[in-house]
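> fold the following, please.
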Amino acid sequence: MSAAEADTTLKAWHGHWLTACIAVTLIPHVEYLPAWVSGGCALLLVWRVIADLGLTPMPGRLVLLVVAAGVVVGTGIEYRHLLGKDPGLALLAGFACLKLLEARSLRDGRAAVLLGFFLQMGQFLNGQEILVAAMTLCGALLAVGALLAMENEAPWQTVISRAGRLLFMAVPFMLALFVLFPRIPGPLWGLPADAFSGMTGLSETMSPGSISRLVRSGKIAFRAEFDGDIPPPRDRYWRGPVLSLFDGQRWEPGFTTLSASPPYEFAGKPYHYRLTIEAHNQHWLLAMDFPVSDDARTRYASDQRLVSVTPLRSRQRYELTAYPAAHAGRNESAYVIRRNLRLPEGSNPRTTALGRQVAERFAAPGRRIDALLETFRELRLEYTLAPPALGLHSADEFLFDSGEGFCEHFSSAFAIAARAAGVPARVVTGYQGGEINPHDGSLVVRQSDAHAWVEVWLPESGWRRVDPTATSNPTRIDTGIVGALPDVASLPLFMQPNMAWLRSLQLRWDAVANGWNQWVLGYNDERQRSLLRGFGFDGGDYRHLAAAMVTLMGLMMLGYLGWALRRRRRGDALDRQWQRFCGRLSRAGTRRADWQGPLDFAEQAAGRHPQLADDIRWIGGRYAELRYGRKRPTRQDLADLENRIKLLDIR
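Now for the predicted structure:
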């Protein structure tokens, strides 16, 4: 191997840096990648580490081609296609590890780092939380460190320090771009069809078990910040999908219309709050009953929901007002009333018979509903996250056989009985309750607060909320799901009663994450325009934004150049001494080549002037130490070097 080839060959420590870079970059992806992809990437990374330690040879080209083909075929089988976010990230993860295993030269190493940068950007397609940003920063630090390590051999502490300084120097430019780069509503380019496939939350349908599965998640659904008093638990019903169609097994939404004005009459105490809702790729806003909004992004559905004009594919913030005591649906159409009375023929005969018996006993719809609620109390139904599996007639089996169910069982059975009793009824899914975070005062509502209840239509008052779960188990409304469930072991760990310390930590972290969401992720086009108007700019004119951004970045660049020149001038005295030393040797017949460093040149000169070898080597080493070391040269250092050069008797 020639000297030139040796200079471009990856060394073992280069491989260690590259492996660390790719490994840290892949960590946030593990949650979203198929298990076989994550496991395969781990094996490839381990192979590279073992090879760099000299314990096994690097794989040949044929092996790499076979593995690459396996990654492509496996990804195609896993996702049924190769285009989109999920298969794209899986392929990128596999190919980055394969490129690392293939890397033999510095050029290959730089290509692996570039793939690492792409993977770091891909992390934000799955989530933009503060932990994702922190892991991306760690990956970027190691990526820059790998590039530096491939240029000069140095201790890892020195490499990390230099990489950190480079990233720190980029912070002002990053802040300028963050504040001034135009926030255009919507994406700058089209996203793949599956870009939002990983979003979780309520479904548009409800069947036995659908909500109890969701409740086991501790993820945040939304946050609410109230102006003044926070409503009591009995008013914290957050409305989601309204389900009017029942096929015997599953509830689905019916046809609704949208309008720009609310379809209800305001009454009672209003609550003003700011809703920060997580992305769920649907239109509903999960607002507290009954919402009012002046936001142009919202519309009112005829079933009393507040909906977004576009699907919520990113975290959004809304200013809302709620009227829990509002009257809705007093003038409901005959079509809607008929639709909410329909039951499939032959479905749940015992529950249907119960409703008909109540209808025979009481003429008034309100009395019928009260009688059904009393019947539910008398049945002593048990509220549990782990009910037994139900068959074709799920309401019958829940009410009269098992007696165990979750909120979807209670609400479905009650709505069927109410319809059989001649009272229009529908199921509403959403969230109930929420926890006040003592660290920032916000009300945090999690997926574990998912709930289902019933609305019945009464001629004198319109739609009225009836919560059969609360009737049978009032603790669910008063203290939340933790106090209502006998089997809390199935809840997330931080929600269990004996984990109060973990819950406290979770609330502290939620407060930090909420600040990140509001000030970083919540910095949208509206907040940008508002900020710039405060500084006298026209926030709506993108030309002004571009001019301000270019001007600010130009001023920062000039400031940086001025700082660099000033720092360089401080080193001019050192350079003058070195040039004087090189000039004296040149006049004596020893010229320094442009490519030669101080140590190489000093060694060459020492060989030609053996009588002065020690002095020449000392001067070359001292200059290199002062010029490239971490310590800045002092006046005494410069004076010592100058005296040593003056005393050098070169002939």
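> wait, is Gly430 part of a helix?
No - membership of Gly430 in a helix is not supported by DSSP: H, G, I helix; E, B strand; the rest coil, which gives strand.
> wouldn't it be in contact with His451 here?
Yes - in this structure, Gly430 is within contact of His451 by CB atoms under 8 Å, at 6.5 Å. (C-beta placed from N, C-alpha, C; glycine too.)
> and for those two, which residues touch both?
Contact criterion CB atoms under 8 Å, 6 or more residues apart in numbering; residues shared by Gly430 and His451: Tyr237.
> higher neighbour count, these two?
For Gly430 versus His451, neighbours defined as other CB atoms under 10 Å are more numerous around His451 (28 against 24).
> tell me what the helix or strand where that one lies is packed against?
Counting by DSSP states H and E, the secondary-structure element that holds His451 is strand 450-458. If contacts are counted by 3 or more CB pairs under 8 Å, 6 or more residues apart in numbering; DSSP states H and E, strand 450-458 sits against helix 210-215, strand 237-246, helix 365-378, helix 407-420, strand 425-432, strand 462-466, helix 468-472.
> hmm, try it at 10 Å
The criterion is 3 or more CB pairs under 10 Å, 6 or more residues apart in numbering; DSSP states H and E, and the helices and strands that strand 450-458 contacts are helix 210-215, strand 237-246, helix 365-378, helix 407-420, strand 425-432, strand 462-466, helix 468-472, helix 475-478.
> tell me the mean pLDDT for the third one?
Confidence for helix 365-378, expressed as mean pLDDT, is 93.
> and if you look at the last one?
Throughout helix 475-478, pLDDT has a mean value of 66.
> and the fourth one, by the same measure?
The pLDDT scores in helix 407-420 average 93.
> could you tell me the angle between that helix and strand 237-246?
Using axes from the mean of the first three to the mean of the last three CA atoms, to 10 degrees, the inter-axis angle of helix 407-420 relative to strand 237-246 is 50 degrees.
> helices along the stretch 551-651 of the chain, start to end?
Taking DSSP state H, counting those that start in this stretch as the criterion, the stretch 551-651 of the chain carries its helices at 572-587, 598-608, 613-628, 635-646.
> need those helices in JSON lines (columns: distance to Val423, mean pLDDT and mean neighbour count).
Rendered in JSON lines, the data for the helices of the stretch 551-651 of the chain read as follows (distance: least, CB to CB, whole Å; pLDDT from 0 to 100; neighbours: other CB atoms under 10 Å):
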{"stretch": "helix 572-587", "distance to Val423": "92", "mean pLDDT": "85", "mean neighbour count": "16"}
{"stretch": "helix 598-608", "distance to Val423": "93", "mean pLDDT": "89", "mean neighbour count": "18"}
{"stretch": "helix 613-628", "distance to Val423": "85", "mean pLDDT": "88", "mean neighbour count": "17"}
{"stretch": "helix 635-646", "distance to Val423": "93", "mean pLDDT": "86", "mean neighbour count": "14"}
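> export those to CSV and append columns for distance to Asp86.
As requested, these are arranged in CSV below (distance: least, CB to CB, whole Å):
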stretch, distance to Asp86
helix 572-587, 55
helix 598-608, 52
helix 613-628, 47
helix 635-646, 58
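> between the ones you listed, which one is nearest to Leu26?
Go through these one by one with CB to CB and the one that ends up closest to Leu26 is helix 613-628, at 34.5 Å.
> quick check: phi and psi at Phe118.
Note on Phe118: backbone dihedrals following degrees, to the nearest 10 are phi -60, psi -40.
> so the nearest residue to it once chain neighbours are set aside, which of the three states?
In space, and not counting its chain neighbours, Phe118 is closest to Leu92: 6.2 Å by CB to CB, 6 or more residues apart in numbering. Per three-state DSSP, the secondary structure class of Leu92 is helix.
> surely Leu92 is in contact with Gly122?
Yes - in this structure Leu92 lies within contact range of Gly122 using CB atoms under 10 Å: 6.4 Å.
> more crowded one of these two?
Here Leu92 and Gly122 are set side by side on neighbour count (other CB under 10 Å), and the busier one is Gly122, at 19 against 16.
> host element of the more buried one?
Gly122 is part of helix 106-126, with elements assigned from DSSP H and E.
> what is the mean pLDDT for the helix or strand just after that helix?
Under the assignment DSSP H and E, the closest C-terminal helix or strand after helix 106-126 is helix 130-151. Mean pLDDT, helix 130-151: 90.
> make residue 1 into 500 and carry on from there
In the new count, where the first residue is 500, that last one comes out as helix 629-650.
> distance from helix 629-650 to the middle of the chain?
What separates the centre of helix 629-650 from the centre of its chain is 19 Å, taken as CA atoms, centre = their mean, to the nearest Å.
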